[in-house]
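Trainee: Build me a model:
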Amino acid sequence: MQLLMLTITTVVVIVQVTHGQDCPCQYREADPLFPGAEGARWDCQYIQHGLTQIPVSCWDQYPNVTQVFLDYNEIGSVTSGSFERLTNLRTLSLKENAITDIDSEVFADLNLLEFLDISKNKLVELPSSMWDLTSLKRLYLGDNRLAEVQTYHIENLVNLEVLDLHLNHLSQIPYHSLEPLAQLRHIYLYWNMFTVLPVLSQNLMLEEFLVNGNAVTEFPKFVFGNLTKPMTYHFVDNPAYDVWGTMLLALPDRSHIMMGSDVSVWVENEQQAQELLQKDWVVQDGLSNIIDLSNLVQICGSFQAQSHSYIPPC
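Mentor: Numbering: from 1, shown residues only. Sure thing, here's the model as predicted:
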């Protein structure tokens, strides 16, 4: 009976500490689906009336947490010192707030961080300290207002596996910035204004590359290197109506391609055309209708190619 009473008393103390007036968050076991699963987390999601600033008072109570979730609030800015004591942090999520500004050095102490989600905010610029997070594996920046990428040093994030920049105002990404990222598996650039694709010839572990809904008028002849796994490659809803067969031939069997049904796929000779048509791919349009590639293949110099009213890319 004494043991039971002691257990109950301990639980009450924890509840009081984590629901104090100064700390609106809950201190819980870590979420096993995110990095830092072996530790504990501050759960600050869906706070009543919405947090408007980072609740640093909570960190004073338990600074050794491995996860912090601040999603679905009304946080407008992330100021210097917001996370300086959380040196064991592996996961930090700030998605679906109203963040317009993040202090340049706010991530400087988060050397172990592996997961960072700042999607669905109002960011125009990114803090410079982000590019020093060399342990980072997953970076989610989608659905913001990012437009200028010349100050991005994505090449520093050598352990990155997922890069999500979808639904921004980006027209380019530093051309060779993704090549050093040997672990990169998923790249989401869809629904931007990209006119040129980054070089991906050294990213041999790629499994997903989504660039649909951009402004690409000319796809390069070669995009990918010797990929090791089937790829999901979506480039539908771009203004380019001609693509090179060599761009697609790099994709392994069982890859999934989503492209326009009115695109011409250009090959240099009959042999290359046969190689293309023998590939075991799933090819669909933007409505998921199956595309028969044989109706789209054009051989450079053939009568069919010459019958076009425009000049082919050959």
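
Trainee: Met130: what's it in contact with?
Mentor: Neighbouring residues of Met130 by C-beta atoms under 8 Å, 6 or more residues apart in numbering: Phe107, Leu116. (Glycine included, C-beta is placed from N, CA and C.)

Trainee: count of neighbours near the closest residue to Pro230 other than its chain neighbours?
Mentor: Distance criterion C-beta to C-beta, 6 or more residues apart in numbering; nearest residue to Pro230, sequence neighbours excluded, is Arg254 at 4.1 Å. Other residues near Arg254 come to 12 when the count uses other C-beta atoms under 10 Å.

Trainee: May I have the phi/psi pair for Ser128?
Mentor: In terms of degrees, to the nearest 10, the main-chain angles of Ser128 are phi -60, psi -30.

Trainee: Against Asp132, how distant is the nearest residue to it once chain neighbours are set aside?
Mentor: Of all residues not flanking Ser128 in the chain, Ser104 sits nearest, at 4.8 Å (C-beta to C-beta, 6+ apart). Applying C-beta to C-beta, to the nearest Å, the value for Ser104 to Asp132 is 11 Å.

Trainee: where does Arg85 land in three-state SS?
Mentor: Under DSSP: H, G, I helix; E, B strand; the rest coil, the three-state class of Arg85 is coil.

Trainee: how far away is it from Ile47?
Mentor: 20 Å.

Trainee: what does Leu116 give?
Mentor: Going from Leu116 to Ile47 by C-beta to C-beta gives 20 Å.

Trainee: next one: Asp103
Mentor: 22 Å.

Trainee: thinking again about what came up before, settle it for me: which of Leu116 and Ile47 has more neighbours?
Mentor: Using other C-beta under 10 Å, the more surrounded residue of Leu116 and Ile47 is Leu116, with 21 against 18.

Trainee: Pop out the phi and psi values for that one.
Mentor: The phi/psi pair for Leu116 (degrees, to the nearest 10) reads phi -140, psi 120.

Trainee: mind checking pLDDT for it?
Mentor: Listed pLDDT for Leu116 reads 99.

Trainee: what's the answer for Glu148, then?
Mentor: Taking Glu148 on its own, its pLDDT is 86.

Trainee: just the helices in the stretch 151-300 of the chain please.
Mentor: 245-249, 270-277 (DSSP state H, counting those that start in this stretch).

Trainee: thinking Leu70 is in contact with Cys44, fair?
Mentor: Yes. Using C-beta atoms under 8 Å, Leu70 makes contact with Cys44 at a distance of 4.7 Å.

Trainee: what touches both of those two?
Mentor: Common neighbours of Leu70 and Cys44 (C-beta under 8 Å, 6+ apart) are Leu51.

Trainee: if I pick Gly301, what's in contact with it?
Mentor: Neighbours of Gly301 in contact, by C-beta under 8 Å, 6+ apart: Cys314.

Trainee: One more: Pro63?
Mentor: Counting by C-beta under 8 Å, 6+ apart, Pro63 has contacts Arg85, Leu86, Thr87, Asn88.

Trainee: Dihedrals phi and psi, the third one?
Mentor: Comment: the main-chain dihedrals of Thr87 come out as phi -70, psi -10, following degrees, to the nearest 10.

Trainee: I'd like to know how many residues surround it.
Mentor: By other C-beta under 10 Å, 13 other residues sit near Thr87.

Trainee: thinking it is in contact with Leu112, fair?
Mentor: Yes. If you go by C-beta under 8 Å, Thr87 and Leu112 touch, sitting 7.2 Å apart.

Trainee: how near is Cys133 to Asn238?
Mentor: Careful, residue 133 is Leu; it's not Cys. 31 Å.

Trainee: meant to ask about Glu208, not that
Mentor: 17 Å.
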